[in-house]
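Asker: compute the structure for the input listed below.
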Amino acid sequence: ERQLVESGGGLVQAGGSLRLSCAASGFRFDDYAIGWFRQAPGKEREGVSCISEYDGTTNYADSVKGRFTISRDNAKSTVYLQMNSLKPEDTAVYYCNVRIAALWVWGQGTQVTVSS
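Answerer: Model (predicted):
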């Protein structure tokens, strides 16, 4: 079974840091780009960052550029999202995902709450 499991969320004060992890199983991790999305209460899910499968090319939403860093460890089938200088507007449930052919696989999400 193809599966993604997020962890690392929590409650942090503004200006603090968290590192999220996304552990993959059930597919050839090295062959796929992985993305992070987030959804705040009452808002649509939005893309945060993604990392390619071959050369580790990364992309970021403008709202997190310079503060968040995505990375991957293919040996551990895990993608990380290092989040620094967190702001209250970063509060959301964070999800990782992968597209395998026509199938989108999502994790269950991890809650990040940033207090002011």
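
Asker: every contact and neighbour count from this point should use C-alpha atoms.
Answerer: OK.

Asker: where's the most centrally placed residue in the chain, which helix or strand?
Answerer: Of all residues in the chain, the one closest to the mean position by C-alpha atoms, centre = their mean is residue 36, 3.1 Å from it. Using DSSP states H and E, the element containing residue 36 is strand 34-39.

Asker: just checking, what packs against that strand?
Answerer: Contacts defined by 3 or more C-alpha pairs under 8 Å, 6 or more residues apart in numbering; DSSP states H and E place strand 34-39 against strand 46-51, strand 92-100.

Asker: show me what contacts the residue nearest to the centre of the chain?
Answerer: By C-alpha atoms under 8 Å, 6 or more residues apart in numbering, the residues touching residue 36 are 47, 48, 49, 50, 81, 94, 95, 96, 97.

Asker: hmm, back to that, the helices and strands packed on strand 34-39: which one's closest to residue 32?
Answerer: Among the helices and strands packed on strand 34-39, strand 92-100 comes nearest to residue 32, with 7.0 Å by C-alpha to C-alpha.

Asker: chain center to that closest one: distance?
Answerer: In terms of C-alpha atoms, centre = their mean, to the nearest Å, the gap separating the centre of strand 92-100 from the centre of its chain is 6 Å.

Asker: dump the residue contacts of residue 57.
Answerer: residue 51.

Asker: need phi/psi at it.
Answerer: phi -60, psi 140 (degrees, to the nearest 10).

Asker: what about it, distance to residue 51?
Answerer: Applying C-alpha to C-alpha, to the nearest Å, the value for residue 57 to residue 51 is 6 Å.

Asker: buried only: go through the contacts of residue 36 for me.
Answerer: 47, 48, 49, 50, 81, 94, 95, 96, 97 (16 or more other C-alpha atoms under 10 Å).

Asker: I am finished for the moment; much appreciated.
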